[in-house]
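*Asks:* Attaching a predicted model along with its sequence, questions to come.
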Amino acid sequence: MCIEYVLGITVAILSVLVVILIGWQIRDAVQFNRYVKKVRDTKTEMLKKLEDKSLDIESNYMFTCMAMSDYFYYEASNKDPQVNPSYKFVQYKLLALLFASRLKNTGACNDMINMLNQTIQPNLELRKIEKTDLIDIINQIQDTNKIDGFRELQTKIFGIKET
């Protein structure tokens, strides 16, 4: 009887220890799931902040390009053989249009398209490399079906004479 009593107590103690270890594992699993959720939430928050910063950068690029295009429009009256201000004006206005399209700012896109369609004259002549650069920019503009007058501008850009 003594051995049965000792074995019974040993089995009981081992059973209690097994229950404690299983409980410990369950607690660790729950804490791990909380940790994983916290990491996911932090990652989502960081990505949102990064996206907001990216939009700020795109917006700054757009305004910088608009300012540069206005400067070259003003300088278009001076003829510097090294810099074609007409090309620079159209280039920076197209870059501003590109950044506005990335920001999905259709109103700004429509305003820039209007200005470009009114400003680009049929007698505009550019070097081949300048025209190619403008075509590369216009091909990167997003959501063109939502921008009024885009096809007209595209036709004007493709129709520019090369010198």
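*Replies:* Everything's here; your move.

*Asks:* What lies in contact with stretch 42-49?
*Replies:* By C-beta atoms under 8 Å, 6 or more residues apart in numbering, no surrounding residue is in contact with stretch 42-49. Yep, even glycine has a C-beta here, placed from its N, CA and C like the rest.

*Asks:* List the buried residues for it?
*Replies:* Within stretch 42-49, no residue is scored as buried using 16 or more other C-beta atoms under 10 Å.

*Asks:* do stretch 90-106 as well
*Replies:* For stretch 90-106, by 16+ other C-beta under 10 Å, it's 90-103, 105.

*Asks:* Looking at those, spot the one nearest I120.
*Replies:* Within these, the smallest distance to I120 is 6.5 Å, found for V90 (C-beta to C-beta).

*Asks:* Now tell me what touches the helix or strand the closest one falls within from outside.
*Replies:* Using DSSP states H and E, V90 sits within helix 85-102. The contact list for helix 85-102, computed with C-beta under 8 Å, 6+ apart, reads 58-59, 61-63, 65-66, 68-69, 72-73, 75-76, 78, 108-109, 112-113, 115-116, 119-120, 124, 126-127, 130, 133-134, 137-138, 140-144, 147, 157.

*Asks:* go with 7 Å
*Replies:* 58, 61-62, 65-66, 68-69, 72-73, 75-76, 108-109, 112-113, 115-116, 120, 124, 126, 130, 133-134, 137-138, 140-143 (C-beta atoms under 7 Å, 6 or more residues apart in numbering).

*Asks:* Off-centre distance for it?
*Replies:* 18 Å (C-alpha atoms, centre = their mean, to the nearest Å).

*Asks:* Compute the inter-axis angle for the next helix or strand after that helix and helix 85-102.
*Replies:* For helix 85-102, the following helix or strand on the C-terminal side (DSSP H and E) is helix 106-119. The directions of helix 106-119 and helix 85-102 differ by 160 degrees, with axes from the mean of the first three to the mean of the last three C-alpha atoms, to 10 degrees as the criterion.

*Asks:* can you pull the buried residues of helix 106-119?
*Replies:* For helix 106-119, a neighbour-count test (16+ other C-beta under 10 Å) marks A108, C109, N110, D111, M112, I113, M115, L116, T119 as buried.
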